[in-house]
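Novice: structure of the sequence below:
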Amino acid sequence: MDQRARERLPDLPILVETVDAQHRLTAEQLASAQAAHPGTDFVAAGKRWHRPTTKNPAARIWAVDPDTGQRYDLTLQEHRAFWSWAIVEVLRHTGIRIEERTELSHHSLVQYRLPGTGELVLLLHIATSKTDAERLIVISPELADVLSTIISRIRDENGAVPLVVSYDGHERLWNPPMPLLFQRRVGVENRPIPPSGIRQLLNEALSRTGLTDTAGQPLAFSPHDFRRLFITDAIMNGMLPHIAQLVVGHRDINTTMGYKAVYPEEVINGHRASIARHRDTRPSEEYRTPTDEEWEEFLGHFERRRVALGDCGRAYGTRCVHERSCLRCSLLRPDPDQRHRIVAIRDNLLDRIAEVKKEGWLGEVEGLKVSLAGAVQKLAQLDERTRRTITVNLGMPAFPDVAGRQVAIDPKLRVSEPDDRVRP
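Specialist: Here you go, the predicted structure:
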């Protein structure tokens, strides 16, 4: 299993880029064909196609390649490309099990509003599965974009997510009708996408990447591989193992640490020893329930994350490692409204680099180049976030009105950023 993680982690960006490109290509082809009249030619992605005349043009959209004469079902191609993209994005951003993915519904979206600022935090409710324990995970902006796209696609003419009946293969029973997110139209009814369909779509996506394993065979991804890669990537980027355990729903931290072979053993042992020593020397009063003043100070951290160029994402109780040089920091989430500021800073940095080279102040060049790279990276982030410009109403259900089950959040379990200094 460790070898699978080592092989697949470097290839994950290629898979993500491939499914995203295929999704956009097939969507463009289908939209261009729909705009063309049957029996006419159209151009999509720089290539000329012919839309043939069919008995029922509204059912499926076909296109013929004039060079080869081969017919393509654009409706089916776009359908499979979209769900391949959605599956990869949801699995890589959440690390959920495949049985948890099959139970994601419109009711899984939960709102939490910070009492001090009124800032809305979106959470994803993960239903009970292997450990029989429910959990909530924070929805990142990238994941929110994917979920909103899915909801917009599956809504019916009344704007509601259709109710579908799914079969629980573990419990061997039929679930009540639910507004599942992963559903598709089959004939005259909507049906859930089964786990076998997930694996088939993943295999098709992988075949387009051309990736191979160490034996030269086509690389295979299972849905559970995304869970391993999610944990691996989270810990490699600084998430503490016991926090990762809670996020992915492991009952035992040793299960989470089963991915230790990805890292040098001495690093993990040193890290765990450091945590143990820190806890041994920590005053016992830090394990008590925080006072109202301490909790208000904790919430105030989130209010003070707002900076000129966007929002600072550093964890509570941590200092700024870049000495307020936000442009260089990977934790800065730039605000689209401040794009003009970042562009001005980038242009100024280019002028400064040209000036110091001209004057021979070469000692300043390296620092200016680091800042310039940060500005370019932030502009690239904004471009990626604004690529999909359509605003989709999530139709967030109000939980008093939700049919089925409700999620009761224990008031002791406050929603916050991971931190082990103040323990509610």
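Novice: count of neighbours near residue 24?
Specialist: Residues lying near residue 24 (other C-beta atoms under 10 Å) number 15. To be clear about C-beta, it is placed using only N, CA and C from the backbone, and glycine gets the same treatment.
Novice: read off the pLDDT value for it.
Specialist: Looking at residue 24, its pLDDT reads 93.
Novice: show me the residues around it that make contact.
Specialist: For residue 24, no residue meets the contact criterion (C-beta atoms under 8 Å, 6 or more residues apart in numbering).
Novice: and it, what element?
Specialist: Using DSSP states H and E, residue 24 sits within helix 12-35.
Novice: which elements pack onto the following helix or strand past that helix?
Specialist: Once helix 12-35 ends, the next helix or strand along the chain (criterion: DSSP H and E) is strand 41-44. With contacts taken as 3 or more C-beta pairs under 8 Å, 6 or more residues apart in numbering; DSSP states H and E, strand 41-44 sits against helix 12-35, strand 47-50.
Novice: what comes up buried for strand 41-44?
Specialist: By neighbour count on 16 or more other C-beta atoms under 10 Å, the buried set for strand 41-44 is 42, 44.
Novice: just stretch 120-128 next, same as before
Specialist: 122, 123, 124, 125, 126, 127.
Novice: got the CA coordinates for that stretch in PDB?
Specialist: C-alpha atoms of stretch 120-128 as PDB (Å, rounded to 0.1, in the frame of the first residue of the first chain):
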ATOM      1  CA  LEU A 120     -20.500  31.700   6.800                       C
ATOM      2  CA  VAL A 121     -18.500  28.400   6.900                       C
ATOM      3  CA  LEU A 122     -19.700  25.500   4.700                       C
ATOM      4  CA  LEU A 123     -19.300  22.000   6.200                       C
ATOM      5  CA  LEU A 124     -19.800  18.600   4.600                       C
ATOM      6  CA  HIS A 125     -21.600  16.100   6.700                       C
ATOM      7  CA  ILE A 126     -20.200  12.600   6.200                       C
ATOM      8  CA  ALA A 127     -22.700   9.900   7.200                       C
ATOM      9  CA  THR A 128     -21.900   6.800   9.300                       C
END
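Novice: I'd guessed residue 221 sits against residue 5; true?
Specialist: No - applying C-beta atoms under 8 Å as the test, residue 221 and residue 5 come out as separate, 11.5 Å apart.
Novice: who's more crowded, these two?
Specialist: Neighbours were counted for residue 221 and for residue 5 using other C-beta under 10 Å; residue 221 has more, 22 against 18.
Novice: ok, that one to residue 141 distance?
Specialist: Look at residue 221 and residue 141: by C-beta to C-beta, to the nearest Å, they are 25 Å apart.
Novice: cool, residue 147 as well?
Specialist: From residue 147 to residue 141 the distance is 11 Å (C-beta to C-beta).
Novice: look at these two and report which has more neighbours.
Specialist: residue 147 (24 against 9).
Novice: for the more buried one, which residues are in contact?
Specialist: Counting by C-beta under 8 Å, 6+ apart, residue 147 touches 90, 109, 124, 139, 181, 394.
Novice: let's test this: mean pLDDT of the helix or strand hosting it, rounded?
Specialist: Following DSSP H and E, the helix or strand that holds residue 147 is helix 141-154. On average, the pLDDT along helix 141-154 is 90.
Novice: how about stretch 345-358?
Specialist: Rounded mean pLDDT across stretch 345-358 is 89.
Novice: ok, residues contacting that stretch?
Specialist: So stretch 345-358 is in contact with 327, 362, 364, 365, 368, 369, 371, 372, 375, 376, 379, going by C-beta under 8 Å, 6+ apart.
Novice: same thing but at 6 Å, please
Specialist: 364, 365, 368, 371, 372, 375 (C-beta atoms under 6 Å, 6 or more residues apart in numbering).
Novice: residues of it that come out buried?
Specialist: 345, 346, 349, 352, 353, 356.
Novice: measure the first one to residue 369 for me?
Specialist: Taking C-beta to C-beta as the measure, residue 345 falls 14 Å from residue 369.
Novice: next: the second one.
Specialist: Using C-beta to C-beta, one obtains 12 Å as the distance from residue 346 to residue 369.
Novice: same question, the third one
Specialist: Taking C-beta to C-beta as the criterion, residue 349 is separated from residue 369 by 8 Å.
Novice: overlap in contacts of these two?
Specialist: Shared contacts of residue 349 and residue 369, counting by C-beta under 6 Å, 6+ apart, come down to nothing at all.
Novice: helices along the stretch 101-250 of the chain, start to end?
Specialist: 141-154, 195-209, 223-236, 241-248 (DSSP state H, counting those that start in this stretch).
Novice: okay, the third one in PDB with CA atoms only?
Specialist: To tie it back to what came earlier, the one meant is helix 223-236. Output in PDB follows, covering the C-alpha atoms of helix 223-236 (Å, rounded to 0.1, in the frame of the first residue of the first chain):
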ATOM      1  CA  PRO A 223     -11.200   5.100  -5.200                       C
ATOM      2  CA  HIS A 224      -9.400   4.300  -1.900                       C
ATOM      3  CA  ASP A 225      -6.100   5.400  -3.400                       C
ATOM      4  CA  PHE A 226      -7.400   9.000  -3.200                       C
ATOM      5  CA  ARG A 227      -8.000   8.500   0.500                       C
ATOM      6  CA  ARG A 228      -4.400   7.400   1.000                       C
ATOM      7  CA  LEU A 229      -3.100  10.300  -1.100                       C
ATOM      8  CA  PHE A 230      -5.300  12.800   0.800                       C
ATOM      9  CA  ILE A 231      -3.900  11.700   4.100                       C
ATOM     10  CA  THR A 232      -0.300  11.600   2.700                       C
ATOM     11  CA  ASP A 233      -0.600  15.100   1.200                       C
ATOM     12  CA  ALA A 234      -2.200  16.500   4.300                       C
ATOM     13  CA  ILE A 235       0.500  15.300   6.700                       C
ATOM     14  CA  MET A 236       3.300  16.200   4.300                       C
END
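Novice: average pLDDT across it?
Specialist: 78.
Novice: likewise for the last one?
Specialist: The predicted model assigns helix 241-248 a mean pLDDT of 72.
Novice: that one - contacts with which helices or strands?
Specialist: helix 223-236, helix 253-256 (3 or more C-beta pairs under 6 Å, 6 or more residues apart in numbering; DSSP states H and E).
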